[in-house]
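Trainee: from the sequence below, what's the structure:
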Amino acid sequence: MTFRELGLVEPILRALEDKNYTEPTPIQAQAIPLVLDRRDVLGSAQTGTGKTAAFAIPIIQLIHKIEGDSDRKPTLRALIVTPTRELAIQIEENIDDYSKYTNIKQAVIFGGVKQGRQVETIRRGINILVATPGRLLDLHSQGLVDLSQIKLFVLDEADRMLDMGFINDIKKLLKILPTKRQSLFFSATMPDNIVTLSDKILIDPARIEVAPVSSAAETVQQFVYYTNRDSKKDLLNHILKNPDIDQVLLFSRTKHGADRITRNLKKVNIKSAAIHGDKAQNQRQRALQEFKDGRVRVLVATDIAARGIDIDKLKYVINYDVPNEPETYVHRIGRSGRAGEEGIAISICEPEENAYVKDVEKLIKQKLKIVNDSPYPQTDKPMTAAEKKEWNKEKQRRKQEFFANRKKNGGGGRGGYRR
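Mentor: Numbers count the residues shown, from 1 in each chain. Modelled structure (predicted):
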């Protein structure tokens with residue numbers, strides 16, 4: 001199937017040709033006709049499946065048919081809500097690409113920056129608004145965003161939205177939006193709370209399910225170093241002594257971990273920067289731009305902050321922390337080896353993460369290549385449940401013994417109980 005067979009108009013087809021899009025992905029092939037047919041859609045699909053184009057392309061076409069080549073001030077017809085700033089920016093950039101040969105106007109709004117420029121763009125008139133929940137409700141409460149003419153509403157990354165605590169914002173938004181509208185709802189997973197939320201948003205929806213990505217691109221070579229937790233920092237420095245590794249996207253499990261890794265790298269004169277939810281928007285955008293420009297060698301990111309990051313010809317991805325969800329691993333390393341380019345993924349595994357590596361290998365149906373010539377080999381083994389229970393008993397015994405001796409010797413002293 002081709003995009004032309006989906007019944008798209010010529011201006012959109014021209015824009016897709018410019019991006020070398022020829023055949024739609026499975027979710028695009030299913031969603032585009034349904035959206036054009038004005039159906040509500042409930043989509044289960046993860047980032048990386050072509051989901052943005054699946055809703056953006058038909059929305060552009062529907063608005064294009066309403067607006068035509070009119071010179072009147074654009075009316076806000078479509079609202080796309082997504083959890084992170086980076087993803088919102090990425091969606092807006094894609095809409096800009098797909099609509100370049102139409103009169104469609106769009107804008108993106110998010111928190112963490114001054115609202116002036118965003119408000120000015122909205123005042124000039126837009127057809128499509130991409131927004132994060134907090135800034136959207138803020139500008140609406142100030143009377144700066146009129147949602148009364150919304151005909152198309154998209155809630156993207158719904159499970160992440162709830163994970164990040166946006167449920168109350170979404171409930172407030174649903175009270176503001178017109179009840180008569182077409183709604184599209186996308187989530188990577190469908191737990192009960194997501195299904196309940198979708199029931200409040202959608203009317204007789206068509207359901208689309210795209211299986212999670214279960215394999216990495218064949219162009220990505222995958223390696224694993226087994227080491228100890230307290231050796232990870234030194235092992236990372238050892239890996240980065242290789243001058244060929246000149247641009248690395250490195251994943252940390254936590255925001256604090258990302259900051260700590262960045263500080264450690266700077267101590268050994270490796271230019272690095274961190275992006276995560278606690279960073280101001282201008283800091284995140286500056287770090288990303290400096291990374292793209294080659295002024296920063298290592299960009300340290302958390303999974304949520306990394307959503308929406310798309311870097312051409314990125315070769316190296318390092319998992320400083322092996323994720324506990326194997327699908328997350330696939331999405332992380334999928335940021336390298338794109339468009340036929342060669343990619344290299346390196347995971348640094350501590351004992352407690354050994355099981356996560358096995359889960360990854362089971363999902364992708366292949367073994368990660370073990371690097372054996374590491375100066376920091378793994379010597380510890382993860383404790384079994386029984387061993388952990390025994391260790392906790394031993395800790396408690398030592399603690400009781402310490403305080404008993406302290407009492408026996410009259411208390412005081414400068415020391416404290418040490419494990």
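Trainee: can you pull out the helices in the stretch 101-250 of the chain?
Mentor: For the stretch 101-250 of the chain, helices defined by DSSP state H, counting those that start in this stretch occupy the ranges 116-124, 133-141, 158-163, 167-176, 192-201, 232-239.
Trainee: can you tell me which of the ones you listed is most buried?
Mentor: Of all the helices of the stretch 101-250 of the chain, helix 158-163 has the most neighbours on average by mean count of other CB atoms under 10 Å, namely a mean of 20. In this view, the C-beta of every residue, glycine as well, is placed from N, C-alpha and C.
Trainee: re earlier: comparing the helices of the stretch 101-250 of the chain by mean pLDDT, which bottoms out?
Mentor: Confidence, taken as mean pLDDT, is least for helix 158-163 of these (a mean of 81).
Trainee: name the helices or strands packed onto it?
Mentor: On a contact count with 3 or more CB pairs under 8 Å, 6 or more residues apart in numbering; DSSP states H and E, helix 158-163 meets strand 182-187, helix 192-201.
Trainee: on that earlier part again, got TSV for the helices of the stretch 101-250 of the chain, with distance to residue 74 too?
Mentor: Shown next, in TSV, are those (distance: least, CB to CB, whole Å):
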stretch	distance to residue 74
helix 116-124	8
helix 133-141	17
helix 158-163	27
helix 167-176	20
helix 192-201	25
helix 232-239	49
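Trainee: between the ones you listed, which one is nearest to residue 34?
Mentor: helix 192-201 (15.2 Å; CB to CB).
Trainee: and that closest one with strand 182-187, angle?
Mentor: Between helix 192-201 and strand 182-187, the angle comes out at 170 degrees (axes from the mean of the first three to the mean of the last three CA atoms, to 10 degrees).
Trainee: so what touches helix 192-201?
Mentor: Contacts to helix 192-201, defined as CB atoms under 8 Å, 6 or more residues apart in numbering, come from residues 42, 153, 155, 158-159, 162, 167, 170, 174, 183, 185, 187, 205.
Trainee: same thing but 7 Å
Mentor: By CB atoms under 7 Å, 6 or more residues apart in numbering, the surrounding residues in contact with helix 192-201 are 42, 155, 158-159, 162, 174, 183, 185, 187.
Trainee: ok now that helix, how far from the chain's centre?
Mentor: Its chain's C-alpha centre and that of helix 192-201 lie 22 Å apart, by CA atoms, centre = their mean, to the nearest Å.
Trainee: put the alpha carbons of that helix into PDB.
Mentor: The C-alpha trace of helix 192-201 is given here as PDB (Å, rounded to 0.1, in the frame of the first residue of the first chain):
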ATOM      1  CA  ASP A 192      -7.800  -0.300  33.600                       C
ATOM      2  CA  ASN A 193      -7.300   3.400  34.500                       C
ATOM      3  CA  ILE A 194      -6.400   4.100  30.800                       C
ATOM      4  CA  VAL A 195      -9.500   2.200  29.500                       C
ATOM      5  CA  THR A 196     -11.700   4.100  32.000                       C
ATOM      6  CA  LEU A 197     -10.300   7.400  30.800                       C
ATOM      7  CA  SER A 198     -10.800   6.500  27.200                       C
ATOM      8  CA  ASP A 199     -14.400   5.700  27.900                       C
ATOM      9  CA  LYS A 200     -14.900   9.300  29.000                       C
ATOM     10  CA  ILE A 201     -13.200  10.700  25.900                       C
END
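Trainee: by how many degrees do it and helix 167-176 diverge?
Mentor: Using the same axes, to 10 degrees: helix 192-201 against helix 167-176 is 10 degrees.
Trainee: and of the helices and strands packed on helix 158-163, who's closest to residue 371?
Mentor: Going by CB to CB, the one of those nearest residue 371 is strand 182-187, 36.8 Å.
Trainee: which elements pack onto the closest one?
Mentor: strand 41-44, strand 152-155, helix 158-163, helix 192-201 (3 or more CB pairs under 7 Å, 6 or more residues apart in numbering; DSSP states H and E).
Trainee: low pLDDT regions in the stretch 51-200 of the chain?
Mentor: For the stretch 51-200 of the chain, the stretches flagged by pLDDT under 70 are 68-70.
Trainee: hmm, try it at 50
Mentor: Nowhere does the stretch 51-200 of the chain drop to pLDDT under 50.
Trainee: got the helices and strands packed on strand 182-187 as a markdown table, with distance to residue 98 columns?
Mentor: Shown next, in a markdown table, are the helices and strands packed on strand 182-187 (distance: least, CB to CB, whole Å):
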| stretch | distance to residue 98 |
| --- | --- |
| strand 41-44 | 18 |
| strand 152-155 | 14 |
| helix 158-163 | 23 |
| helix 192-201 | 24 |
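Trainee: tell me the buried residues in stretch 175-187?
Mentor: By 16 or more other CB atoms under 10 Å, the buried positions in stretch 175-187 come out as 177, 181-187.
Trainee: looking at the residues you listed, which is nearest residue 107?
Mentor: Closest to residue 107, out of all of those and judged by CB to CB, is residue 177, at 17.6 Å.
Trainee: so the closest one versus residue 184, what's the distance?
Mentor: 13 Å (CB to CB, to the nearest Å).
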